[in-house]
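A.B. asks: With the input below, show me the fold.
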Amino acid sequence: MQPSDEILNRSSRPVSVVIATLGSDSLAAVIAQLNAGAAPAEILICIPEAEAPRVAALQSGNVRVVTTPRRGQVAQRAYGLGCTTQPLVLQMDDDILLSPGDFDALMQALDRLGRGNAVAPILCGPDRRCLHAYRDGVRGWLQSLHAFVICGAPWGMKRMGTISPAGVSYGVNDRYCGTDPVPAQWLPGGCVLSHRQDLVRDNFFPFRGKAYSEDLLHSLLRQTRGIRSWVVPASRCLTPPQPALVSWRDFTADFRVRRHVVRMRGGSMLRFQLSFLSAWLKCVAQWVMAWRRQP
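C.D. replies: Numbering: from 1, shown residues only. Model (predicted):
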């Protein structure tokens with residue numbers, strides 16, 4: 001699974017790929033997929049020094065291990081972004097799979113849009129179905145009603161790509177849009193391509209521990225710097241199955257970050273509280289059902 005020097009003899013992409021990790025077992029597959037077509041010029045594996053031995057065997061060809069002075073997804077990525085050498089930079093999570101064709105579609109979209117833009121693919125599960133589900137019929141109407149009344153989001157499919165006054169982000173589903181890039185206020189952070197000059201290189205995450213919903217903060221920082229965000233329906237990336245149940249730790253950490261986002265944007269604290277109350281009730285129902293199914 002290690003990339004070889006032969007890869008670099010192909011027509012390579014003028015792209016630095018930055019992956020912040022603690023040594024995920026999926027890294028070898030991620031690298032192999034990136035190098036399956038025209039390989040990026042460099043892939044930087046950004047990892048704290050104490051964890052670096054876990055990925056040492058991957059350093060070969062266009063793959064370079066960058067040891068970071070600080071631990072944390074945002075801090076590691078920020079350090080890696082400062083080490084890039086190519087005109088284009090792709091930030092990726094360590095479990096995202098991006099095929100050569102989907103990589104091409106991202107690069108073509110950014111080339112058409114030019115400087116001052118960032119692009120991301122449609123985020124899908126292993127079955128290539130979009131993770132951002134929008135329902136049809138009565139259930140879809142109720143979903144839109146909740147988003148509109150409680151969260152303050154636009155009605156229906158107009159909410160795709162937006163961040164509501166309640167701090168709720170809505171992804172883009174290619175089932176409900178055309179083939180052109182879709183303007184978005186929020187980009188999922190797992191796979192984003194931009195020009196090197198347009199990078200946000202700050203260690204911007206203000207909390208200790210895992211960087212829950214850091215892509216919301218990242219998206220807002222892009223906006224404040226005049227960088228426009230787009231989702232490219234012609235490109236898809238695959239992410240592992242999501243956990244069926246949200247843990248209490250995840251829920252409270254997400255609450256903390258989204259409250260911070262609402263304050264940053266001057267959003268509605270009342271809408272935020274109502275949206276999290278409804279989310280909490282949904283989680284409680286799921287926890288109770290899971291407990292009842294236990295033998």
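A.B. asks: SS state for Phe276?
C.D. replies: Following DSSP: H, G, I helix; E, B strand; the rest coil, the label given to Phe276 is helix.
A.B. asks: Please give the number of neighbouring residues around the residue lying closest to it once chain neighbours are set aside.
C.D. replies: Among residues not flanking Phe276 along the chain, Phe255 sits closest, at 5.7 Å (Cβ to Cβ, 6 or more residues apart in numbering). Placement of C-beta: from N, CA and C, glycine included. By other Cβ atoms under 10 Å, 18 other residues sit near Phe255.
A.B. asks: Just the element for Phe255, please.
C.D. replies: Assigned by DSSP states H and E, Phe255 falls within helix 248-265.
A.B. asks: So which bits of that helix are buried?
C.D. replies: Under the neighbour-count criterion of 16 or more other Cβ atoms under 10 Å, helix 248-265 has 251, 253-255, 257-262, 265 buried.
A.B. asks: Mind pulling up the pLDDT for the residue nearest to Phe276?
C.D. replies: Looking at Phe255, its pLDDT reads 92.
A.B. asks: Okay, now the unreliable bits of the stretch 151-295 of the chain?
C.D. replies: Residue ranges of the stretch 151-295 of the chain with pLDDT under 70: 244.
A.B. asks: follow-up on the earlier one: output the contacting helices and strands for the helix holding Phe255.
C.D. replies: Applying 3 or more Cβ pairs under 8 Å, 6 or more residues apart in numbering; DSSP states H and E, one finds that helix 248-265 contacts helix 214-224, helix 269-293.
A.B. asks: Backbone dihedrals for the most centrally placed residue in the chain, please?
C.D. replies: Centroid-nearest residue in the chain, with Cα atoms, centre = their mean: Gly189, separated by 2.1 Å. The main-chain torsion angles of Gly189 are listed as degrees, to the nearest 10 and equal phi -80, psi 0.
A.B. asks: Run a quick neighbour tally on the nearest residue to it once chain neighbours are set aside.
C.D. replies: Counting by Cβ to Cβ, 6+ apart, Gly189 lies nearest to Asp215, which is 3.2 Å off, once chain neighbours are set aside. By the criterion of other Cβ under 10 Å, Asp215 has 21 neighbours.
A.B. asks: pretty sure Asp215 is touching Ala184, no?
C.D. replies: No. Judged on Cβ atoms under 8 Å, Asp215 makes no contact with Ala184 at a distance of 11.2 Å.
A.B. asks: List the buried residues in stretch 57-75.
C.D. replies: 58, 61-66, 68, 72-75.
A.B. asks: still on that earlier bit, buried deepest among the helices and strands packed on helix 248-265, which one?
C.D. replies: Ranked by mean neighbour count, the helices and strands packed on helix 248-265 are led by helix 214-224 with a mean of 19 (mean count of other Cβ atoms under 10 Å).
A.B. asks: CA atoms only: put the helix or strand just after that helix into PDB for me.
C.D. replies: Going down the chain from helix 214-224, the next helix or strand is strand 228-238, by DSSP H and E. Taking C-alpha atoms only, strand 228-238 is exported to PDB below (Å, rounded to 0.1, in the frame of the first residue of the first chain):
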ATOM      1  CA  ARG A 228     -16.400  31.900  -1.100                       C
ATOM      2  CA  SER A 229     -17.400  28.200  -0.600                       C
ATOM      3  CA  TRP A 230     -18.900  25.800  -3.100                       C
ATOM      4  CA  VAL A 231     -20.000  22.200  -3.100                       C
ATOM      5  CA  VAL A 232     -19.300  20.400  -6.400                       C
ATOM      6  CA  PRO A 233     -22.200  17.900  -7.200                       C
ATOM      7  CA  ALA A 234     -20.000  16.200  -9.800                       C
ATOM      8  CA  SER A 235     -17.500  15.100  -7.100                       C
ATOM      9  CA  ARG A 236     -18.100  12.700  -4.200                       C
ATOM     10  CA  CYS A 237     -16.000  11.500  -1.300                       C
ATOM     11  CA  LEU A 238     -16.700   8.500   0.800                       C
END
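A.B. asks: which stretches of this protein form helices?
C.D. replies: Using DSSP state H, the helices found in the chain span residues 5-8, 27-34, 73-81, 100-113, 137-149, 214-224, 248-265, 269-293.
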